[in-house]
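Engineer: sequence below, structure please.
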Amino acid sequence: MKYLIITILLTTAMHSMLIFDFNSNSKTQNWKIVDDRVMGGVSQGRFQVSPEGFGVFQGHVSLDNYGGFSSLRYNFIKKEVKEYGKIKVRLKGDGKKYQLRIKDKADNYYSYITTFETSGDWEEIKIPLKNLYPSFRGRKLDLPNFTCEYIEEIAFLIGNKKNEDFKLLIDKIELI
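Structural biologist: Below you'll find the predicted structure:
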């Protein structure tokens, strides 16, 4: 029985790879806010770890000065993903729509993206990697969907073409 339990635990562990698990001691120096301010907008996102140990991405999106987005990006050492089919994120949103974005190379000018809606409750979203499509500045590119072997960046973006406050709590991100 003991060996069966160990085998089950090892099998389960081998079928997921942790990208980030927030807690009150999380080191977040590789998490960065990028707002539309890079192109003259005035949206403002903030990021912190809550006392409960969740990543909190919140702020205000403004359409002023042709703006309209805020993003939270995490760059990390390249992770091999060819053994995994999905990204799983445990989060709590505010009922708004967000984008999940990944890059196979952090210096690529484009990201692979998809949108997801939040319910206002804690939930796990599971996104097939093959459903992420290449996009640059809001335009879908004429390239294949994600089939890469590595990722180096993951991001969350809000840009719903309206002025709005937002708040997204993130608990854990992993590949499954």
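
Engineer: from Lys161, how far off is the nearest residue to Lys162 once chain neighbours are set aside?
Structural biologist: Excluding the flanking residues, the one nearest Lys162 by C-beta to C-beta, 6 or more residues apart in numbering is Leu63, at 6.9 Å. For the C-beta atoms, the positions are set from N, CA and C on the backbone; glycine is no exception. In this structure, Leu63 lies at 7 Å from Lys161, with C-beta to C-beta, to the nearest Å as the measure.

Engineer: thinking again about what came up before, ok, now which ones touch the residue nearest to Lys162?
Structural biologist: The contact partners of Leu63, by C-beta atoms under 8 Å, 6 or more residues apart in numbering, come to Lys161, Lys162, Asn163.

Engineer: likewise Ser62?
Structural biologist: Contact analysis of Ser62 by C-beta under 8 Å, 6+ apart lists Asp36, Gly41, Val42, Ser43, Gln44, Gly68, Asn163.

Engineer: quick one on the thing from earlier: check the residue nearest to Lys162 and give its pLDDT.
Structural biologist: According to the per-residue confidence, Leu63 scores 98 in pLDDT.
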